[in-house]
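Participant: fold the following, please.
(one chain, ligands or ions: 2)
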Amino acid sequence: MLAAVTGPAPPIDRAALEAVLLPLDRATPLPARAYVDPGVFAVELDRIWDRSWRCVGREDDVIAPGAWLRAPLTQAGVLVVRGEDLAIRAFHDVCPHRGAPLAVGDAGRATSLRCPYHGWQFDLAGRLRGEGAAPLCAGRSRADFALAPVRVEAAHGLLFACLSADAPPIEAAIAGVPARIVRTSPRHTRLARRVEYVVAANWKLVVANFQESCHFPGVHPALEAITPTSRASSCLGDGAWLGGTMELEDGAETVSTTARLDGRPRLVGTSDEDRRTIFDALLFPGLLISVQPDYLLTYRLDPVDVARTRVVADLALHPAALRPGEPCPAAIADFWDRANAEDRAIVERQQLGVASGAFVPRAYSAVEDGVHAFEQRVARALIEAAEGAGKGAS
Ligand code: FES
Ligand SMILES: [Fe+2]
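Facilitator: Numbering: from 1, shown residues only. Ligands and ions are numbered 1, 2, ... in the order given. Down below sits the predicted model:
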């Protein structure tokens, strides 16, 4: 007899996953089906994404009482709400009456949350306050119909939410925050620009592309001219963080179309050593942060399906660099519009090749230690899923 399993078993054989765990020079990368098989994607959602603290925005996205945003952690989404008491709470965007989502749009400000279907109304703490045209039966208690809570925390000026009650607290989950990110915290920046787009590629291809710079000469000639791949290095930790540094070319002050600061202040907390170094970090599985001398880039990834990944790209500056309402400096925005488009185009083409049926990964190159470290984390999660599924069968 089969007992309930703890999760779907990954449809990649164990030997292929263990081959990823070997040292760089002997490892074999994740097989092609990791990027095309909906079964693998389902396991990744269960074992990786739904058990991780995921960045859902900036703390100042919900700065005012009643400000809310929708985070795409489920199909219906999760509402992150700043209460009248200024506490941040999160709820599944699912009405406890008959399941309709409450919020219309992706963000807003409200004094209460009202379901558009039958008019049930909730306060900003998720408590049922009124039932509109669908009153509760006598003897039923409103207390039994609160919105289902989701864990949410603010850290370093960013908001994180987690669907799992079993995941460790945020402090443990993001332990080992790189010193450069602590110094130049997003908390000390002002959002200058937010761009959202969907990349037609598996999320792991998008992350892996961020984990190496050896594509710069071929894909980003303008970026290679300012931060050459020959001056890049990786910092590989044991926790959820991976990272690396890029050195500015002599004469360059920052990464932009002018390569100059053009009068902008460097980020709060930038040390003398930071002035010539770009620091890139991945918080596994899907938050990419790039600390430049005078601005901060964050890319939040949300997997849509096995072959599509939603990206929210934020660009933030020193608060004194930008008056409210002033547009992001074009020299930075234009540079990254082009670089992001170049990355998007190459990984979308890569997805076609990987999905062709003809691609058999054989080895990492000598400079892909960051990609290897990332794929090792994925492989370990898939192995744990197989072990969990195996233990559930009897
Ligand atoms: S489903 Fe929300 S009030 Fe009926
Ligand atoms: Fe790139």
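Participant: what about the residue nearest to residue 269 when sequence neighbours are not counted, how many neighbours?
Facilitator: In this structure, residue 269 finds its nearest non-sequential neighbour in residue 183, 3.7 Å apart by C-beta to C-beta, 6 or more residues apart in numbering. Quick note: C-beta positions are derived from backbone N, CA and C, even for glycine. By other C-beta atoms under 10 Å, 16 other residues sit near residue 183.
Participant: in contact with residue 183, which residues?
Facilitator: Listed by C-beta atoms under 8 Å, 6 or more residues apart in numbering, the contact set of residue 183 reads 269, 270, 271, 274.
Participant: got JSON lines for these, with distance to ligand 1 and secondary structure too?
Facilitator: Putting the contacts of residue 183 into JSON lines (distance: C-beta to the nearest ligand atom, whole Å; DSSP: H, G, I helix; E, B strand; the rest coil) gives the following:
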{"residue": "269", "distance to ligand 1": "46", "secondary structure": "coil"}
{"residue": "270", "distance to ligand 1": "49", "secondary structure": "coil"}
{"residue": "271", "distance to ligand 1": "52", "secondary structure": "coil"}
{"residue": "274", "distance to ligand 1": "50", "secondary structure": "helix"}
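Participant: check contacts around the nearest residue to residue 149 once chain neighbours are set aside.
Facilitator: The shortest distance from residue 149 to any non-neighbouring residue, by C-beta to C-beta, 6+ apart, is to residue 91 (5.8 Å). Residue 91 sits next to 78, 79, 81, 126, 147, 148, 149, 150 when contact means C-beta under 8 Å, 6+ apart.
Participant: swap the cut-off to 7 Å and go again
Facilitator: Listed by C-beta atoms under 7 Å, 6 or more residues apart in numbering, the contact set of residue 91 reads 78, 79, 126, 147, 148, 149, 150.
Participant: specify the local secondary structure of the closest residue to residue 238 other than its chain neighbours.
Facilitator: Excluding its sequence neighbours, the residue lying closest to residue 238 (C-beta to C-beta, 6+ apart) is residue 176, at 7.6 Å. Under the three-state scheme (DSSP: H, G, I helix; E, B strand; the rest coil), residue 176 adopts coil.
Participant: surely residue 176 meets residue 241?
Facilitator: Yes: Residue 176 lies in contact with residue 241 (C-beta atoms under 7 Å); the separation is 5.4 Å.
Participant: more neighbours, these two?
Facilitator: Using other C-beta under 10 Å as the criterion, residue 176 and residue 241 rank with residue 241 on top: 20 against 11.
Participant: tell me if I'm right that that one and residue 281 touch.
Facilitator: Yes: here residue 241 reaches residue 281: they are 5.8 Å apart, a contact under C-beta under 7 Å.
Participant: quick revisit: now the residue nearest to residue 149. Its backbone dihedrals?
Facilitator: phi -140, psi 150 (degrees, to the nearest 10).
Participant: is it bridged to anything, and to what?
Facilitator: Beta bridges link residue 91 to residue 79, residue 149, judged by DSSP bridges.
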